[in-house]
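Visitor: predicted model follows, preceded by the sequence.
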Amino acid sequence: MNPYLDIHPDVQQALSKGRAVVALESTIISHGMPYPQNVQTALAVEAEVLANGAVPATIAIMNGRLVVGLNRQAIETLGRLGTQAMKVSRRDVPFVVAAGQTGATTVAATMMLAAMAGIRVFATGGIGGVHRGASESFDVSADLQELAQTPVAVVCAGAKSILDLGLTLEYLETHGVPVVGYQTDHLPAFFTQDSAYRLEHRLDSAHDIARVMRAKWAMGLAGGVVVANPIPAEFALPRSTMDAAVEQALSEAAAQGITGKASTPFLLARVCEITGGDSLTANIRLVLNNARLAAAIALAYQGFLAESG
Ligand code: PSU
Ligand code: MN
């Protein structure tokens, strides 16, 4: 048993009964959206998972404990802290635990904690990736390396175009991480339904996606799966608007010398400000959409496990 891990009783019960559980990250709460929409969204996403037949487990580090299944109060705390909260990726976890501190987990750290608890499906907005200009900066999100080693399927709306989507796909390919387009042949670019990048693998049902997860892990392959779920058409934003906002945010970041772990939160916040409330609304809608698909995948995956005993 992991001496630092606290699993919420509802999550623990679901896991021991072989019921579907969906992990949710917390950096999207602290750094991904402003208060109070961040807290409202986190609670709405949990409700969406529940309404679709699975148990939600929002993950963070609270006072040095690895918490899988945050209560309302913890979600409120992280939401109010906002960018004052520590952003915790894989490398940071032992420090935050050792010091008894509180921090919001990125996709990488959330996958890691989900896997410790035995959760195989995770819903979020967008994953980190290879940043534009990475050949100079070496800025490649730890999310990608986590996907290479940790057995969790991450349902996302692709990646924001603050990243280099082509290099992100190349990196995932190198590390053997499958990227599945859900009902699409192209990598979605978060605010838009697709991008110029074609995917090798498209699947049209949660059941088919769960079958791939089952096959991958039953044969002992390491690592996760990216499930790329396009934002619903009615909530997508015009590509030209987003491209302009991203270009502006990138040049401001360069001018202000923003690098390292501060880069992604800076770019996300600037894109949100530049596009007014539009990008926030779209962001909320796509996360809910991902929660729905993740619940369906988790149910189908548990079905396969039950069949094979
Ligand atoms: N992309 C988004 N929204 C987010 C993030 C990325 O569209 O909230 C967050 C996630 O928590 C992700 C992290 O894991 O940013 C990646 O940060 P970095 O690039 O520093 O690895
Ligand atoms: Mn980075």
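Guide: Done, it's in. Keep in mind that this is a model prediction, so the values were computed, not measured. Numbers count the residues shown, from 1 in each chain. Ligands and ions are numbered 1, 2, ... in the order given.
Visitor: all helices of the chain, in order?
Guide: 9-16, 27-30, 37-51, 72-81, 93-98, 107-117, 134-137, 142-149, 165-174, 206-218, 239-256, 263-274, 278-307 (DSSP state H).
Visitor: got the angle for the worst-scoring helix or strand of the chain on mean pLDDT vs helix 239-256?
Guide: One helix or strand of the chain scores below all others by mean pLDDT, DSSP states H and E: helix 263-274, with a mean of 92. Relative orientation of helix 263-274 versus helix 239-256 (axes from the mean of the first three to the mean of the last three Cα atoms, to 10 degrees): 130 degrees.
Visitor: what does helix 263-274 rub up against?
Guide: Helix 263-274 has contacts (Cβ atoms under 8 Å, 6 or more residues apart in numbering) with 31-34, 83, 87, 128, 131, 139, 141, 160, 162, 242, 244-246, 248-250, 252-253, 256, 258, 279-280, 283. Bear in mind the C-beta positions are built from the backbone N, C-alpha and C, glycine included.
Visitor: I'd say Ala245 and Thr275 touch.
Guide: Yes. When contacts are counted by Cβ atoms under 8 Å, Ala245 is listed as touching Thr275 (5.1 Å).
Visitor: got the contact list for the spatially closest residue to Val88 that is not a sequence neighbour?
Guide: The spatial neighbour of Val88 that comes closest, neighbours along the chain excluded (Cβ to Cβ, 6 or more residues apart in numbering), is Gly103 at 3.7 Å. Shown in contact with Gly103 (Cβ under 8 Å, 6+ apart): Ala60, Ile61, Ala85, Met86, Lys87, Val88, Asp92, Val96.
Visitor: could you redo the last one with a cut-off of 10 Å?
Guide: Taking Cβ atoms under 10 Å, 6 or more residues apart in numbering as the contact definition, Gly103 lies against 26-27, 30, 60-62, 64, 78, 81, 85-89, 92-93, 95-97, 109.
Visitor: buried subset of those as a PyMOL selection?
Guide: Selection of buried members from the contacts of Gly103 for PyMOL, criterion 16 or more other Cβ atoms under 10 Å:
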select buried, resi 26+27+30+60+61+62+78+81+85+86+87+88+89+92+93+96+97+109
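Visitor: keep only the contacts of Gly103 that also lie close to ligand 1.
Guide: Thr27, Ser89 (Cβ under 6 Å from any ligand atom).
Visitor: and the residue of the stretch 151-300 of the chain at minimum distance from ligand 1, how many neighbours?
Guide: Distance from ligand 1 to each residue of the stretch 151-300 of the chain (Cβ to the nearest ligand atom) is smallest for Thr264, at 3.7 Å. Residues near Thr264, counting by other Cβ atoms under 10 Å, number 26.
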